[in-house]
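Colleague: predicted coordinates and the sequence they were generated for:
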Amino acid sequence: MRAPLYVAGSTALRARMSRLPPGGVGEEEREELRRLPELFVGEARSVAQVLTGRHDLGGAIALMRGAASGLAPEDRLRGVLAVGALTPERAAELAHARDAAAVAALLERLRLPTPAAAAALPRLWSRFELHRDVEELELALTAAAHAEWAERTAHPRSRPVADLLARERDQRNLVVALARAGVEAQRLLPVGRLDARDLDHAVAGRWAPVTGVYPRWRAAAAAYEGHRNPGHLDRDLHDEATAGALARLRRGDAESAEPMVGYALLLEERARRHRRAGLVLAGGAAGSADRTTP
């Protein structure tokens, strides 16, 4: 396996950081994410495409869900960042598909969310038509994408991306286990560093196995024991993941994917902050309207 060459791209990312507008309105972050792979070449670019591909996967699932629910095209596109191979034009085409089956067929033709996942879609869709198990379909599609990404990120220099993917699978599995007050092995994504026994301990309130693997999750775990809200835990763990993004970008090993991961997480944290601010403003406007309505 050839070693990915990250140095030039890492240097370019550090230079771009200083030019990012401090305020931004969200589109700046999306445009920077779209450009991220362009700063790398060869195997390093393929790894950078994994970072944007995470959003392709989320967008593909959201568009299938929206079609299955009969949402209008503009509503299907809400939350779809379209920063990778799932371009804004492709997202719009998918949003106007007749139904979920048409979305699946179009994803296969466009080789989205990844080539391997798209190749698996006909088989996965046939099984879905037998059982109508939406979660099973989404889990299988996600597992296929992550298996492909594991091959792309197998080199030691790409380990920061592989670790991020494993962490995100662990976070999803933990939140789902807590929400259901139990672990169903068939409803888990491929494990990262936490297995089903670790998750069972967390459900029972014994967090040591989880925080032993992820020490920086301790504060979020302690907060969860107070509020018992898996959604709030998920938000706190997202915030924890991005808390050190700037340091990873500035001080991470430039010969590895560490600065690349830091840059992507920094952009994602900024975009999430903009979305939250928008929700607060929308809520405030609604509250104001309620107070002034006779």
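Modeller: Structure received.

Colleague: going forward, measure contacts between C-alpha atoms and count neighbours the same way
Modeller: Noted.

Colleague: how near is the residue nearest the centre of the chain to Glu184?
Modeller: Centroid-nearest residue in the chain, with CA atoms, centre = their mean: Arg54, separated by 4.8 Å. Counting by CA to CA, to the nearest Å, the separation of Arg54 from Glu184 is 24 Å.

Colleague: how about Val261?
Modeller: Distance, Val261 to Glu184, by CA to CA: 31 Å.

Colleague: comparing the two, which shows the higher neighbour count?
Modeller: Shown here are Val261 and Glu184; by other CA atoms under 10 Å, Val261 has more neighbours (23 against 13).

Colleague: the more buried one: helix or strand, and which one exactly?
Modeller: Taking DSSP states H and E as the criterion, Val261 maps to helix 258-292.

Colleague: need the nearest residue in space to Leu139, chain neighbours excluded.
Modeller: Leu189 (6.4 Å; CA to CA, 6 or more residues apart in numbering).

Colleague: burial measure for the one you found, as a count.
Modeller: 19.

Colleague: doesn't Leu5 make contact with Glu43?
Modeller: Yes - the pair Glu43 / Leu5 is scored as a contact, 7.3 Å apart, by CA atoms under 8 Å.

Colleague: which ones are touching Glu4?
Modeller: No, residue 4 isn't Glu; it's Pro. By CA atoms under 8 Å, 6 or more residues apart in numbering, Pro4 lies in contact with 42-44, 155, 157-158.

Colleague: ok, of those, which come out buried?
Modeller: 43-44, 155, 157-158 (16 or more other CA atoms under 10 Å).

Colleague: check contacts around Leu5.
Modeller: Contact analysis of Leu5 by CA under 8 Å, 6+ apart lists 40-44, 255-256.

Colleague: return the member of these nearest to Ala144.
Modeller: Glu43 (20.1 Å; CA to CA).

Colleague: what's next to the one helix or strand Ala92 maps to, contact-wise?
Modeller: Ala92 belongs to helix 88-95 when elements are defined using DSSP H and E. For helix 88-95, contacts defined as CA under 8 Å, 6+ apart pick out 59, 63, 67, 73-74, 76-77, 80, 82, 103, 106-107.

Colleague: from what I see, Asp253 and Val261 are in contact.
Modeller: No - taking contacts as CA under 8 Å, Asp253 lies outside contact range of Val261: 11.1 Å.

Colleague: now for the helix or strand harbouring Ala120, which elements pack on it?
Modeller: In this structure, Ala120 sits in helix 115-131 according to DSSP H and E. Secondary-structure packing of helix 115-131 (3 or more CA pairs under 8 Å, 6 or more residues apart in numbering; DSSP states H and E): helix 100-110, helix 134-152.

Colleague: buried residues in it?
Modeller: By 16+ other CA under 10 Å, the buried positions in helix 115-131 come out as 115-121, 124-125, 128.

Colleague: swap in stretch 50-62?
Modeller: 50-62.

Colleague: can you list contacts of that stretch?
Modeller: For stretch 50-62, the external contacting residues (CA under 8 Å, 6+ apart) are 33-34, 76-77, 79-86, 91, 107, 112-114, 138, 142, 145, 149, 152, 161, 261, 264.

Colleague: which SS class is Arg193?
Modeller: coil (DSSP: H, G, I helix; E, B strand; the rest coil).

Colleague: test my guess that it contacts Thr211.
Modeller: No - between Arg193 and Thr211 there is no contact under CA under 8 Å: 11.2 Å.
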